[in-house]
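Novice: only the shape, not the letters, is given here:
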């Protein structure tokens, strides 16, 4: 029984079903991302005479969803470096993100979404789900300068700046962040009521550079001194590799004494899928899409996300869907360019159900009454029977899954 089975709809966050299913099809449920640190140079005593290189894999789990905090994940890497006997690095900390292109925002996302956590962007090395949290406190009297008490994950010291005013206690004005590309700073503007304390969550807008700086801080906190500073190795234009590159592969870039000194593995892909599907986590879905693109040996001049979309489309068509049944726009569903027919989405759900991990995939979807899921307060009469993905953007309300 079907209705409008061949009609294209905007899926909103039902797009995450396609993204996670394509990733599980390609890599399997036990796949794990690895963030590795390599020593390039000779280790003499406790001194590395060369660079410490991080090869970015796009791990979407370096956050408090899977660790005590994003900073704790970086400190775990730093602890491993220290455990390897390294106390001093005469060269640089090089964060190599050249396996992905540097275009972080899908071209048809709305500009107004980019400020907030649901519109956060990432990269081949990014932490905290692309979100920065800041605690601000109003002054004692209106007109006093408010205080920026703390912010995390903490990257470059001058990245977050406060241009705020203390307002009367009954004021309803809010604080809004503005990213200034010319100074690479995130500036808070607006007002804070006198005496109040508020925790703000906003998109970082400069995720790779800030994650690199945060890793540098983590190393310093563990007694590992980096004398050459922190640098990010970006791709050459829009060209990108076909996966996280061994830091020894670039032409002309010698690698004497290359050795792995630290690594951090993510939870399994099935657990990552749960973290995406149950709460409808946009940033993690976009990381997954870009990682798919980096792992696809397609046209070398295509961007990472373009290849990720092509991977998702190829997976759906491989299930026997019509070539007009799916038009991927992004990985999360925030784009209004996404289109999919119900029959194609049903094919994907049926394919996941037939897999050995089918029960795990079903349980990764939201259930009515499940805390912190998108069905926590919806469809209570179907509790225990419904496993589904919601989808909501302007003028779109979608639901798909298993009953």
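Specialist: Looks like it came in fine. Just so we're clear, the structure is a prediction, and the values are computed from it rather than from any experiment. Residues are numbered from 1 along each chain as shown.
Novice: distance of residue 403 relative to residue 381?
Specialist: 12 Å (Cβ to Cβ, to the nearest Å). Where C-beta positions appear, they are placed from N, C-alpha and C, glycine not excepted.
Novice: then residue 93?
Specialist: Between residue 93 and residue 381 the computed distance is 55 Å (Cβ to Cβ).
Novice: just residue 32 next, same as before
Specialist: 38 Å.
Novice: tell me which of these two has more neighbours.
Specialist: The neighbour count for residue 32 versus residue 381, taken as other Cβ atoms under 10 Å, is higher for residue 32 (16 against 7).
Novice: just the helices in the stretch 201-350 of the chain please.
Specialist: Ranges of helices within the stretch 201-350 of the chain are 207-221, 269-277, 282-294, 304-318, 342-354, based on DSSP state H, counting those that start in this stretch.
Novice: tell me the mean pLDDT for the fourth one?
Specialist: By that I understand helix 304-318. The average pLDDT for helix 304-318 rounds to 96.
Novice: and if you look at the last one?
Specialist: What helix 342-354 shows for mean pLDDT is 98.
Novice: buried residues in it, which are they?
Specialist: With burial defined by 16 or more other Cβ atoms under 10 Å, the residues of helix 342-354 counted as buried are 342, 343, 344, 345, 347, 348, 349, 351, 352.
Novice: take those residues and write them to CSV, including distance to residue 137.
Specialist: Shown next, in CSV, are those (distance: Cβ to Cβ, whole Å):
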residue, distance to residue 137
342, 50
343, 54
344, 51
345, 47
347, 53
348, 48
349, 48
351, 52
352, 48
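Novice: residues near residue 228, how many?
Specialist: Residues near residue 228, counting by other Cβ under 10 Å: 14.
Novice: list the contacts of stretch 12-19.
Specialist: 11, 276-277, 280, 282, 285, 288-289, 292, 312, 315-316, 326, 328-335, 338, 340, 345, 348-349, 374, 389-393, 396-401 (Cβ atoms under 8 Å, 6 or more residues apart in numbering).
Novice: 6 Å - rerun?
Specialist: With contacts defined as Cβ atoms under 6 Å, 6 or more residues apart in numbering, stretch 12-19 is touched by 276-277, 280, 285, 288-289, 312, 331, 333, 338, 389, 391-393, 396, 398, 400.
Novice: and stretch 127-135, how far apart are its ends?
Specialist: 19 Å (Cα to Cα, to the nearest Å).
Novice: and the pLDDT at residue 369?
Specialist: 96.
Novice: surely it meets residue 381?
Specialist: No - using Cβ atoms under 6 Å, residue 369 is not in contact with residue 381; the gap is 10.3 Å.
Novice: helix, strand or coil: sort out residue 54 for me.
Specialist: strand (DSSP: H, G, I helix; E, B strand; the rest coil).
Novice: if you skip the residues just before and after it, what's nearest to it?
Specialist: For residue 54, ignoring the flanking residues on the chain, the nearest one in space by Cβ to Cβ, 6 or more residues apart in numbering is residue 95 at 4.9 Å.
Novice: most tightly surrounded among the helices of the stretch 201-350 of the chain?
Specialist: helix 282-294 (a mean of 27; mean count of other Cβ atoms under 10 Å).
Novice: quick one: mean pLDDT for it?
Specialist: 97.
Novice: give me the distance from that helix to the chain's centre.
Specialist: Averaging C-alpha positions (Cα atoms, centre = their mean, to the nearest Å) puts helix 282-294 7 Å from its chain's average.
Novice: now do that helix: which elements does it pack against?
Specialist: Packing partners of helix 282-294 (3 or more Cβ pairs under 6 Å, 6 or more residues apart in numbering; DSSP states H and E): helix 15-27, helix 269-277, helix 304-318.
Novice: flag the shaky bits of this protein, pLDDT-wise.
Specialist: By pLDDT under 70, the weakly predicted segments of the chain are 237-257, 297-301.
Novice: make TSV out of the helices and strands packed on helix 282-294 and add distance to residue 105.
Specialist: As requested, the helices and strands packed on helix 282-294 are arranged in TSV below (distance: least, Cβ to Cβ, whole Å):
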stretch	distance to residue 105
helix 15-27	16
helix 269-277	19
helix 304-318	10
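Novice: the ones you listed: which one's closest to residue 72?
Specialist: Among the helices and strands packed on helix 282-294, helix 269-277 comes nearest to residue 72, with 16.7 Å by Cβ to Cβ.
Novice: ok and the closest one relative to helix 282-294, angle-wise?
Specialist: For helix 269-277 against helix 282-294, the angle by axes from the mean of the first three to the mean of the last three Cα atoms, to 10 degrees is 130 degrees.
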